[in-house]
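Q: Any chance you could fold what I've pasted below:
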Amino acid sequence: MFTGLIEGTGTIDTIQPDSAGSKLSVATPLAAELGQGDSIAVNGVCLTVTSTDGQSFSVDVSPETLRVTTLGGMSVGRVVNLERPLRADARLGGHFVLGHVDGVGRIRSFRADGACYWLEVEAPPNLSQYLIDKGSIALDGISLTIAKLEGHVCAVQIVPFTWKHTALAFAKPGDLVNVEADVLGKYVARLLEARNTL
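A: Reported below is the predicted structural model:
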């Protein structure tokens, strides 16, 4: 369980494809606080640390995860968002983020608005039922509030702190982002669907 409040960023320093998927190594100061078996969200994807040397950590990425997230298109040098799981005794900021990506969206525009930025993302059409005006959404693991919504295209406003302390500082139109809809909305939609089939 995560909150979408990014703790830091890292840089992919190696990618090793193999028959089991791919092994990624990410250089980050957070590596000093990670141990083998720990969970870590990388651009919103929950992964398990397989090793760490204090300067970087490694994770295995399955073929399915490579197919359904942006991790399959990563390259060495890419900056990624990182978050460790929520501790039971911690405050819950952001919103409930599971690290289970629902689909890949595309940035349509990214423009300044004073000291802030407007980020417009075209989410997969099948997620439109889970997108709610003023509701929560996780983009590359960042907990954000939908400020404008037209079908499956949503716009969020990025405050200067978020822009400076996440990988959004490197984002540009056309880039792909991992999208996770609010889990509460997904459960409500599933319950209503089940009720309608009775």
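Q: ok, residues contacting the helix or strand hosting Lys148?
A: Under the assignment given by DSSP states H and E, the secondary-structure element containing Lys148 is strand 142-150. Under the contact criterion C-beta atoms under 8 Å, 6 or more residues apart in numbering, strand 142-150 has outside partners 3-6, 44, 81, 93-95, 97, 119-120, 131-138, 154-158, 162, 166, 168. Placement of C-beta: from N, CA and C, glycine included.
Q: Show me these that map onto strands.
A: 81, 119-120, 136-138, 154-158 (DSSP state E).
Q: Just the buried subset of those, written out for PyMOL, thanks.
A: What follows is the PyMOL syntax selecting those of the ones in strands among the contacts of strand 142-150 that are buried according to 16 or more other C-beta atoms under 10 Å:
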select buried, resi 81+119+120+136+137+138+154+155+156+158
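Q: Now render the ones in strands among the contacts of strand 142-150 as JSON lines, adding pLDDT and distance to Lys172.
A: Written out in JSON lines, the entries for the ones in strands among the contacts of strand 142-150 read as follows (pLDDT from 0 to 100; distance: C-beta to C-beta, whole Å):
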{"residue": "Asn81", "pLDDT": "98", "distance to Lys172": "16"}
{"residue": "Leu119", "pLDDT": "97", "distance to Lys172": "11"}
{"residue": "Glu120", "pLDDT": "98", "distance to Lys172": "12"}
{"residue": "Ser136", "pLDDT": "95", "distance to Lys172": "24"}
{"residue": "Ile137", "pLDDT": "97", "distance to Lys172": "20"}
{"residue": "Ala138", "pLDDT": "97", "distance to Lys172": "20"}
{"residue": "Cys154", "pLDDT": "97", "distance to Lys172": "18"}
{"residue": "Ala155", "pLDDT": "98", "distance to Lys172": "16"}
{"residue": "Val156", "pLDDT": "98", "distance to Lys172": "16"}
{"residue": "Gln157", "pLDDT": "97", "distance to Lys172": "17"}
{"residue": "Ile158", "pLDDT": "97", "distance to Lys172": "13"}
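Q: Nothing else from me, thank you.
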